[in-house]
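Enquirer: Pasting the sequence and the predicted coordinates here, then a few questions.
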Amino acid sequence: ITPTATLGWRSLECHLDLTRMIFLWRVLLLPMNNTYKQMTLIRLCYHMYEPDNVHLGPVFEIIKTFEKYSMVQILDYAMKTGDVMSVNAFKKIAKETVDSIECSRFRITCLLYKSLPLFNACITKIGMWQWWVFCNKYPEYTFKVRFIYRILVSKSCLSSDVYMYSGMSPVCGLCTDNVSETAYHMLFDCKTLIRSRVDLWSKVEHIVPAAMVQELDKMNSRQKMEFIASAFRCDYIEEWSDIYMTIANFVYFMYKERQCFNE
């Protein structure tokens, strides 16, 4: 779920459903003297308007797909009136409908996984994650951004993440505070890493806009982590490339510093 969602990909099921519906619509737009269209219309009438018939076959499966996305009314209108909208207009409606249902299903599925609380807070829809957009433009930062992604999906090997799978203690082993070692604790709260944090975070504050610094100052540690992982809750801005670089460096080097203390 998480890798495909952050790439903006639909599930295979939704992709096939969309392809089926568009295929049928293209057939309906063929000339009336076309044999394939005539045969398809016969089967559509057979399945849609004669409920006592035995319903099997590919055309019936496509009708079920229209019903699945509550689009059978569009098909029914085209059949009864002969007014078939253009394929581009139909594509737009079909894609919006399928994507809306896919997004709702994606959100519900994510809620079933206890390892994705940060992911649920940062990724609200299926679409290209802005950090991947940044990596596409600056591929040399892909390795560092991977650490942001690992934190996003609780695969960072921090104590709290390991606890989900092994039952080991989630308490931070670096500082004296009896607190869970989460991503936001490591980045913004752990006392053992304070020297590295001050040095690296000062570079972030130096380069980001003053308004963003003020906004970050009002956030607690978890909110800051969500703000970073969501790529500032906005579309990618090319003029902010140096900000993305500085943030990626901050997360990466803080993570490496934490590893050094654990060795």
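Expert: It's in. Small disclaimer: the values here were computed from a predicted structure and weren't measured.
Enquirer: How far off centre is the helix or strand containing Leu200?
Expert: Leu200 belongs to helix 194-207 when assigned by DSSP states H and E. Centroid separation between helix 194-207 and its chain, computed with C-alpha atoms, centre = their mean, to the nearest Å, is 29 Å.
Enquirer: could you say what helices and strands it packs with?
Expert: helix 241-262 (3 or more C-beta pairs under 8 Å, 6 or more residues apart in numbering; DSSP states H and E). For the C-beta atoms, the positions are set from N, CA and C on the backbone; glycine is no exception.
Enquirer: same for the helix it packs on, what does it pack against?
Expert: Applying 3+ C-beta pairs under 8 Å, 6+ apart, we find helix 241-262 packed against helix 130-137, helix 142-152, helix 183-188, helix 194-207.
Enquirer: List the buried residues of the longest one.
Expert: Counting neighbours by 16 or more other C-beta atoms under 10 Å, one finds that the buried residues in helix 194-207 are Ser196, Arg197, Leu200, Trp201, Val204.
Enquirer: if we can go back for a sec, rebuild the helices and strands packed on helix 241-262 as a markdown table, extending it with distance to Leu75 and mean pLDDT.
Expert: Converted to a markdown table, the helices and strands packed on helix 241-262 look like this (distance: least, C-beta to C-beta, whole Å; pLDDT from 0 to 100):
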| stretch | distance to Leu75 | mean pLDDT |
| --- | --- | --- |
| helix 130-137 | 37 | 94 |
| helix 142-152 | 40 | 89 |
| helix 183-188 | 48 | 87 |
| helix 194-207 | 54 | 91 |
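Enquirer: Out of the ones you listed, flag the one nearest Glu226.
Expert: helix 183-188 (8.3 Å; C-beta to C-beta).
Enquirer: Contacts for the closest one, please.
Expert: With contact meaning C-beta atoms under 8 Å, 6 or more residues apart in numbering, helix 183-188 is reached by 118, 151, 156, 158, 172, 179, 193, 197, 221-222, 224-225, 250-251, 254-255, 258.
Enquirer: Please write out the alpha-carbon positions of that helix in CSV.
Expert: Once non-C-alpha atoms are left out, helix 183-188 reads as follows in CSV (Å, rounded to 0.1, in the frame of the first residue of the first chain):
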residue,chain,number,x,y,z
ALA,A,183,11.3,9.4,15.4
TYR,A,184,10.3,12.7,16.8
HIS,A,185,12.0,12.0,20.1
MET,A,186,15.3,11.2,18.3
LEU,A,187,15.1,14.3,16.1
PHE,A,188,13.9,16.9,18.6
